[in-house]
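Enquirer: Fold the stuff below for me.
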Amino acid sequence: MFGNFGKYLGEVRAELHKATWPWEPKERGIKKYRQLIDSTVVVLVASLLLGAYVAFCDIVMVYVLKALTWLGTLGK
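Expert: Residues are numbered from 1 along each chain as shown. A predicted model of the protein is given here:
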C-alpha cells in the first residue's frame, strides 16, 4: 500500500516539474511574478465589468417591471 503511495508521489513530482508556472524563476523580487500579477489584474477587471453589467441589467429590469405593473393598475 505504501509502495503505491510513494510511486504516486514520485509521479506527481515528475508532473509538477513538467508544468509551466506563471513566474520567471530567474528573476528576483516582484519582477518574478509579473505574469501572475498581470493575469490577476485582468481577471479582477473582467469580473468587475461583468458585475457592473449584470447590476445595470438588473436595475433596468426592475424599472421596466415597475412601469409595467404600474400600467396594469391604471385599468382598475
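Enquirer: Return the longest helix in the protein, judged by number of residues.
Expert: Identified as the longest helix of the chain according to DSSP state H is helix 34-74.
Enquirer: average pLDDT across that helix?
Expert: Here helix 34-74 scores 93 as its mean pLDDT.
Enquirer: Distance from the chain centre to it, please.
Expert: Taking CA atoms, centre = their mean, to the nearest Å, the mean C-alpha location of helix 34-74 is offset from the chain mean by 16 Å.
Enquirer: If you count contacts, what does that helix end up packed against?
Expert: The criterion is 3 or more CB pairs under 8 Å, 6 or more residues apart in numbering; DSSP states H and E, and there are no helices or strands that helix 34-74 contacts. Heads up, the C-betas are built off the backbone N, CA and C, glycines and all.
Enquirer: show me the contacts for residue 31.
Expert: residue 24 (CB atoms under 8 Å, 6 or more residues apart in numbering).
Enquirer: and the gap between it and residue 23?
Expert: Separation of residue 31 from residue 23 (CB to CB, to the nearest Å): 9 Å.
Enquirer: cool, residue 63 as well?
Expert: Taking CB to CB, one finds residue 63 at 47 Å from residue 23.
Enquirer: who has more neighbours, those two?
Expert: residue 23 (14 against 9; other CB atoms under 10 Å).
Enquirer: Over to that one. Which of the three states is it?
Expert: The three-state label given to residue 23 by DSSP: H, G, I helix; E, B strand; the rest coil is coil.
Enquirer: what's the spacing between it and residue 68?
Expert: Counting by CB to CB, the gap from residue 23 to residue 68 is 53 Å.
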